[in-house]
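# Have a look; sequence and predicted model below, questions after that.
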Amino acid sequence: GAVVSQHPSRVICKSGTSVKIECRSLDFQATTMFWYRQFPKQSLMLMATSNEGSKATYEQGVEKDKFLINHASLTLSTLTVTSAHPEDSSFYICSANRHDLAKNIQYFGAGTRLSVL
Amino acid sequence: QQPVQSPQAVILREGEDAVINCSSSKALYSVHWYRQKHGEAPIFLMILLKGGEQKGHDKISASFNEKKQQSSLYLTASQLSYSGTYFCGTEEVRNDYKLSFGAGTTVTVRA
């Protein structure tokens, strides 16, 4: 199977601090990864597409200076929430795209619950 | 464009069947189905490509009618383990890789 690891699973931080979340594809290479935000009992909202070796593509309304994405290798993408505020508290989930027999399938990490005090 | 899922929620007894629908106003290249349990990552169930194909995963199957831009997920003889929130993800452009997810359908299976 395709395994995606996301770390940390939970983080509590003070307002104004920065938080880094890591997303790793453990048994396949992923040139494309995605970052989502999910509010309670709601759907997955795409924040940005992370491309290995190039700049991330952000969805409309997502501040790129607020949510820094780095995809430095074929197995690792990081999301840094800079100067976090209580409104940034949410469940963040990453996925890694695996290309397999002409099909593109996203495999998800377990998510990171961010609480900003 | 976010696809529309229905129903929002369904409650079943073990052994009963259910259908979850997903429709889009856009032409679709593929439809992906996931199940998410509370506080966990969405788990990939199946992908359906253009061609009207049906796929199966144990007693969970799905169909895709690309002319109507609709997909349906069929839960047959439901088990307790089927409980969770089901999301459809739609891919509009081939090799764009991006998915738009529906609002989800919460399925509760009771003994």
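Yep, that arrived.
# what stretches of chain A score poorly on pLDDT?
With pLDDT under 70 as the threshold, chain A has low-confidence stretches at A:1.
# and it, which of its residues are near chain B?
Within chain A, the positions adjacent to chain B are A:4, A:6, A:32, A:34, A:41-46, A:49, A:93, A:97, A:103-111, A:113 by CB under 8 Å from any CB of the partner chain. (Glycine included, C-beta is placed from N, CA and C.)
# Now list the buried members of the residues you listed.
For those, a neighbour count by 16 or more other CB atoms under 10 Å in any protein chain shown gives the buried set as A:4, A:6, A:32, A:34, A:43-46, A:49, A:93, A:97, A:104-109, A:111.
# close to chain A, is the worst-scoring helix or strand of chain B on mean pLDDT?
Every helix and strand in chain B was compared by mean pLDDT, DSSP states H and E; the lowest is strand B:54-57, with a mean of 71. No. Using CB under 8 Å from any CB, we find that strand B:54-57 stays clear of chain A, coming within 11.1 Å at best.
# Which parts of chain B are strands?
Assigned by DSSP state E, the strands in chain B fall at B:4-6, B:9-13, B:18-23, B:30-36, B:43-49, B:54-57, B:60-65, B:70-75, B:84-91, B:100-101, B:105-110.
# for chain A, that is, sorry about that
For chain A, the strands defined by DSSP E cover A:4-7, A:10-13, A:19-25, A:32-38, A:44-51, A:57-58, A:67-73, A:76-81, A:90-100, A:103-108, A:112-116.
# Name the residues that touch the second one?
I take that to be strand A:10-13. Under the contact criterion CB atoms under 8 Å, 6 or more residues apart in numbering or on different chains, strand A:10-13 has outside partners A:19, A:21, A:84, A:112-117.
# ditto for the shortest one
The list of residues contacting strand A:57-58 from outside it, by CB under 8 Å, 6+ apart, reads A:47-49, A:51, A:64, A:67.
# between those, which is nearest B:K55?
Here the nearest of these to B:K55, counting by CB to CB, is A:T49; it sits at 25.8 Å.
# averaging pLDDT over each of the strands of chain B, which comes out lowest?
If the strands of chain B are sorted by mean pLDDT, strand B:54-57 sits at the bottom with a mean of 71.
# and that one, which strands flank it?
strand B:60-65 (antiparallel) (DSSP bridges).
# how about the partner strand: buried residues?
Residues B:60-64 are the ones in strand B:60-65 that count as buried (16+ other CB under 10 Å).
# Equivalent analysis for stretch A:47-64, please.
Of the residues in stretch A:47-64, those buried under the neighbour-count criterion (16+ other CB under 10 Å) are A:47-52, A:56-58, A:62.
# Could you tell me the end-to-end distance of that stretch?
With CA to CA, to the nearest Å applied, stretch A:47-64 spans 9 Å between its terminal residues.
# ditto for stretch A:46-62
Using CA to CA, the distance between the terminal residues of stretch A:46-62 is 9 Å.
# Same question for stretch A:69-83.
Its start and end residues considered, stretch A:69-83 measures 14 Å (CA to CA).
# chain center to that stretch, what's the gap?
Taking the mean of its C-alpha atoms, stretch A:69-83 sits 8 Å from the chain's own mean (CA atoms, centre = their mean, to the nearest Å).
# Check what contacts that stretch and list those residues.
Outside of stretch A:69-83, the residues within contact range by CB under 8 Å, 6+ apart are A:16-26, A:29-31, A:33, A:35, A:48, A:50-54, A:56, A:65-68, A:88, A:92, A:94, A:96, A:114.
# 7 Å - rerun?
When contacts are taken as CB atoms under 7 Å, 6 or more residues apart in numbering or on different chains, the neighbours of stretch A:69-83 outside the stretch itself are A:16, A:18-25, A:29-31, A:33, A:35, A:48, A:50-52, A:56, A:66-68, A:88, A:92, A:94, A:114.
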